[in-house]
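Engineer: sequence plus predicted model, see below.
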There are 2 protein chains.
Amino acid sequence: MAQAWTLASRPNGTPTHDNFALIDVASPALEPGQIRIANHWLSVDPYMRGRMNDVKSYTPPFVLGEPMQGGAVGEITESAAEGFAVGDLVLHMAGWRDEAVIPASQAQRVPALGVDPQAFLGQLGMPGMTAYFGLLEVASAKPGDVVFVSAAAGAVGSTVVQIAKAKGMTVIGSAGGADKCAWVSSLGADAVIDYKDGTPLIKQLAAVAPNGIDVYFDNVGGEHLDAALGLANERARFAICGMIEMYNTGAPTELRFAARIIGARIRIQGFIVSDYMSRAGEFYNEMGGWLQSGQLVREETIHEGLASMPDAFLGLFSGGNKGKMLVRV
Amino acid sequence: MAQAWTLASRPNGTPTHDNFALIDVASPALEPGQIRIANHWLSVDPYMRGRMNDVKSYTPPFVLGEPMQGGAVGEITESAAEGFAVGDLVLHMAGWRDEAVIPASQAQRVPALGVDPQAFLGQLGMPGMTAYFGLLEVASAKPGDVVFVSAAAGAVGSTVVQIAKAKGMTVIGSAGGADKCAWVSSLGADAVIDYKDGTPLIKQLAAVAPNGIDVYFDNVGGEHLDAALGLANERARFAICGMIEMYNTGAPTELRFAARIIGARIRIQGFIVSDYMSRAGEFYNEMGGWLQSGQLVREETIHEGLASMPDAFLGLFSGGNKGKMLVRV
């Protein structure tokens, strides 16, 4: 019998284990065109929190009682689809479960780039593309820019740090706690600020950005966004990728420095990575090269077993991951 | 003896009459290249509040005890500059006073477009250019877009309403009180909401924008900005021109809908009109034509006499103006 995680109830604020239930699911015979996949790696991402609310957004809400979805890498164990053979590794969106039965058209063969397959859930997947296009396209970051990135120890943020350094930018990261900050430094960040150390963020940012910032890559929102507004140089560009600070609390974002948008002519642009899918080729070329040459450090925080999926997910909101959060099934 | 308004003290919150003092100023003999101007019209603009604070911004702070500055139209009464004759009407920035002595290089002859000279402080001046480039360039507004503009009875907002209608857009304006709302309607707005009527703005906006908004032209900030975020369609563009709501209070901007920036891929762009000075020709061509043909309604709220300048200025923050606020000297 296959198993899958379902949303038992919609979280009100920070999710708890009670919101999740592991259920038995049928393991049906394949219809023509379908494949059966044994999932090896399940992706764990902050955006999934949004799908737990019953509101219209760019991804539909999870349906209570049904298996949840998310990125996954697995191995084909049975195939009724031409061109897909048992043993092939595929990427797909039927995560949060151990076995997936889907049309082959919804799966993508893991590219043969000589890197671990789970990299396609991280730096070579959505988080990597988010970092790449968010920094270079949405924020129009250029060599010489001073870039501030929040959640710099996360899957997206740590990749932003490294792409920015590879492109000749000055990088300031924020992370929570000495251990993560040291790690972000080791990735090449020119300065790191610890948002947990009790000093107001804007003071910390001002101290390490005496000439202001040209780019802000936002994964956090709230106080981070406000500090970035306070220190933004003329014509600064903000790529708004995530606002994890408010996903659970739902508290309003308080901006003391909103009026600087006018005088400094700040551009704030929200984006979601799927808008850049048609340009994945550019991304694979450049990122694949960096990964293969060892220029990009890939870090993963791995939880073991399907049962650990809620733990891994809840860990995203308590700072439980360095780099990409994954579950190995 | 000439007279000028000076800032006697920096306002803390909403300015009061105590912050201003009318002082006698010297009426010096002209140096070569200078002109003497009898001011006829003084411009009264919200951005002047920013110059009353002692903070670095895109315009320097007013100096305590010295004559304040601002747009003005006057007549040359004496000239020591070639090409400038007594009787010429000029535009310049030595407002807040009855007589100005400045280098002719800092004055611009009022263009002969057959409209009243004070129009060059309003629809044919900075407020008009702000509306024109803010709407069409900064917000990339196109025919068919649903445009929301706050402070729609103000000098900038009322011009935005009319340009948007001239360009085939649907326009929703906000204004304070039934009289102003009726006037904004009369300018062609498809819907007007009264921000003073006690109903939450977002409810009012949702009622008149059942298909959301594509463009927001912000003169107010705060709750207006938040409502616009809440109702913004995918790829909506916000031109951030002013945040009069917070100029005096300094209270933080509370945004409940900030996270919509991400999913809806909203672009928020601050601007100041002087960035578009090099393109003034485009503006004069199009706006001049509309004004001469009567397609654009020009409305002015006029206070009489130099002594009324603080009254006029304070009126900006209590909703005391319809259209452009002016003082006639």
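Structural biologist: Yes, it's here. Numbers count the residues shown, from 1 in each chain, chains lettered A, B, ... in the order given.

Engineer: determine the number of other residues adjacent to whichever residue of the stretch 51-200 of chain A sits closest to chain B.
Structural biologist: Chain B sits closest to residue A:58 of the stretch 51-200 of chain A, with a gap of 4.4 Å, by C-beta to the nearest C-beta. All C-beta atoms are positioned from the backbone trio N, CA, C, and that covers glycine. Using other C-beta atoms under 10 Å in any protein chain shown, residue A:58 has 15 other residues around it.

Engineer: just give the closest residue to it, not the sequence neighbours.
Structural biologist: For residue A:58, ignoring the flanking residues on the chain, the nearest one in space by C-beta to C-beta, 6 or more residues apart in numbering or on different chains is residue B:263 at 4.4 Å.

Engineer: right, and that neighbour touches residue A:275 too?
Structural biologist: No: at 11.3 Å, residue B:263 does not count as touching residue A:275 under the criterion of C-beta atoms under 8 Å.

Engineer: tell me the phi and psi of the closest residue to residue A:20 other than its chain neighbours?
Structural biologist: If the residues on either side of it in the chain are set aside, residue A:20 comes closest to residue A:310, at 4.4 Å by C-beta to C-beta, 6+ apart. Per-residue torsions, residue A:310: phi -60, psi -40 (degrees, to the nearest 10).

Engineer: repeat that for residue A:3.
Structural biologist: phi -130, psi 150.

Engineer: hey, what's it bridged with?
Structural biologist: When assigned by DSSP bridges, residue A:3 has beta-bridge partners residue A:24.

Engineer: what sits against it?
Structural biologist: Taking C-beta atoms under 8 Å, 6 or more residues apart in numbering or on different chains, we find residue A:3 in contact with A:22-25, A:97-98, A:306.

Engineer: SS state for the residue of the stretch 51-200 of chain A closest to chain B?
Structural biologist: Here residue A:58 is recorded as coil under DSSP: H, G, I helix; E, B strand; the rest coil.

Engineer: tell me the pLDDT at it?
Structural biologist: Looking at residue A:58, its pLDDT stands at 75.

Engineer: just the one 5 residues further on next, same as before
Structural biologist: Here the pLDDT value assigned to residue A:63 is 95.

Engineer: excluding covalently adjacent residues, which one is nearest to residue A:248?
Structural biologist: Closest to residue A:248 by C-beta to C-beta, 6+ apart is residue A:14, at 4.3 Å.

Engineer: how far away is that neighbour from residue A:319?
Structural biologist: 13 Å (C-beta to C-beta, to the nearest Å).

Engineer: and if you look at residue A:51?
Structural biologist: 21 Å.

Engineer: check residue A:28 too.
Structural biologist: Computed with C-beta to C-beta, the distance linking residue A:28 and residue A:319 is 40 Å.

Engineer: and for residue A:12?
Structural biologist: 22 Å.

Engineer: next one: residue A:146
Structural biologist: For residue A:146, the distance to residue A:319 - C-beta to C-beta - is 25 Å.

Engineer: of these two, who's got more company?
Structural biologist: Between residue A:146 and residue A:319, counting by other C-beta under 10 Å, residue A:146 is the more crowded of the two (24 against 17).

Engineer: OK, contacts around that one?
Structural biologist: A:169-170, A:172, A:209, A:211-215, A:233.

Engineer: how about TSV for those, with distance to residue B:243 added?
Structural biologist: Formatted as TSV, those follow (distance: C-beta to C-beta, whole Å):
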residue	distance to residue B:243
A:169	30
A:170	30
A:172	27
A:209	24
A:211	26
A:212	21
A:213	21
A:214	23
A:215	23
A:233	20
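
Engineer: ranking those residues by neighbours, who comes first?
Structural biologist: residue A:215 (28 neighbours).

Engineer: I'd say it and residue A:238 touch.
Structural biologist: Yes: if you go by C-beta under 8 Å, residue A:215 and residue A:238 touch, sitting 7.5 Å apart.

Engineer: can I see the domain layout of chain A?
Structural biologist: A:2-118+A:299-328, A:126-274 (automatic domain parsing).

Engineer: what's the most buried one of the ones you listed?
Structural biologist: domain A:126-274 (a mean of 22; mean count of other C-beta atoms under 10 Å in any protein chain shown).

Engineer: quick one: contacts for residue A:123?
Structural biologist: With the criterion set at C-beta under 8 Å, 6+ apart, residue A:123 makes contact with A:131, A:155, A:159, A:287, A:291, A:296, A:298, A:324.

Engineer: what strand or helix carries the first one?
Structural biologist: Counting by DSSP states H and E, the element that carries residue A:131 is helix A:126-133.

Engineer: and the next helix or strand after that helix, which strands flank it?
Structural biologist: Using DSSP H and E, the next helix or strand after helix A:126-133 towards the C-terminus is strand A:146-149. Sheet pairing of strand A:146-149 (DSSP bridges) gives strand A:170-175 (parallel), strand A:213-218 (parallel).

Engineer: now tell me what touches the next helix or strand after the last one from outside.
Structural biologist: Towards the C-terminus, the helix or strand next in line after strand A:213-218, according to DSSP H and E, is helix A:222-231. Defining contact as C-beta under 8 Å, 6+ apart, one finds that helix A:222-231 is touched by A:148, A:150, A:174, A:195, A:200-202, A:204-206, A:209, A:212-213, A:216, A:218, A:236, A:238, A:240, A:243, A:245-246, A:253-258, A:260-261, A:266, B:252, B:258.

Engineer: ok, stretch A:300-313 next?
Structural biologist: A:3, A:5, A:15, A:17, A:19-20, A:22, A:42, A:44, A:48, A:96-98, A:118, A:122, A:315, A:320-329.

Engineer: which of these fall in helices?
Structural biologist: Using DSSP state H, the subset of the contacts of stretch A:300-313 located in helices is A:48, A:315.

Engineer: near chain B, which residues of the stretch 1-150 of chain A?
Structural biologist: Selection of the stretch 1-150 of chain A residues close to chain B by C-beta under 8 Å from any C-beta of the partner chain yields A:50, A:57-58.

Engineer: what's the closest of these to residue A:67?
Structural biologist: Within those, the smallest distance to residue A:67 is 17.8 Å, found for residue A:50 (C-beta to C-beta).

Engineer: what about the strand or helix carrying the closest one, distance to the chain center?
Structural biologist: Element membership for residue A:50 (DSSP H and E) is helix A:48-51. Here the centre of helix A:48-51 is set off from its chain's centre by 12 Å, with C-alpha atoms, centre = their mean, to the nearest Å.

Engineer: so for that helix, mean pLDDT?
Structural biologist: 93.

Engineer: who touches it?
Structural biologist: A:11, A:15, A:57, A:59-62, A:68-70, A:244, A:247-248, A:313, A:316-317, B:263.

Engineer: what's downstream of that helix, the next helix or strand?
Structural biologist: Immediately after helix A:48-51, counting by DSSP H and E, sits strand A:72-79.
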